[in-house]
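Peer 1: I need the structure of the sequence given here:
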Amino acid sequence: MKILGIALLSLTICSCATQTYNVNGGGGTEPTKETMQPFFVSGIGQTQEMDAAAICGGADKVAKVESHVSFLNGFLGAITWGIYTPRQAKVFCIK
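Peer 2: Presented below is the predicted three-dimensional model:
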């Protein structure tokens, strides 16, 4: 029982990940738009889209796009046994 608890805790803690795509030089500290994107069964074969150019008012005004699994996202995935696995998506614009 103790080993199972340690293994579950390790999986929950180690599940955070961030992918950042710098566009037009990167930059931006505050996201212009942030949303939680729902995925099911660990997101197998699923996609979500955000139009960063539309959010920023043109492709030349996009600073960066970020996809992130937060602790809350990992926790929700753990308590649903991977059935519901959300991710955070952020768009940063050049001001």
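Peer 1: so the spatially most central residue of the chain, which state does it fall into?
Peer 2: In the chain, the C-alpha closest to the average C-alpha coordinate belongs to His68, at a distance of 2.6 Å (C-alpha atoms, centre = their mean). Put simply, His68 is strand when judged by DSSP: H, G, I helix; E, B strand; the rest coil.
Peer 1: show me what contacts it?
Peer 2: Contacts for His68 (C-beta atoms under 8 Å, 6 or more residues apart in numbering) come out as Cys16, Ala17, Thr18, Gln19, Arg87, Gln88, Ala89, Lys90. All C-beta atoms are positioned from the backbone trio N, CA, C, and that covers glycine.
Peer 1: please save the CA atoms from stretch 63-74 in CSV.
Peer 2: This file holds the C-alpha atoms of stretch 63-74, laid out as CSV (Å, rounded to 0.1, in the frame of the first residue of the first chain):
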residue,chain,number,x,y,z
ALA,A,63,5.1,36.8,-29.5
LYS,A,64,4.8,33.2,-28.3
VAL,A,65,2.4,30.3,-27.9
GLU,A,66,2.6,28.0,-24.9
SER,A,67,1.0,24.7,-24.0
HIS,A,68,1.3,23.6,-20.4
VAL,A,69,0.3,20.8,-18.1
SER,A,70,-0.2,22.3,-14.6
PHE,A,71,-0.4,20.6,-11.3
LEU,A,72,-4.2,20.9,-11.4
ASN,A,73,-4.3,19.4,-14.9
GLY,A,74,-2.2,16.5,-13.7
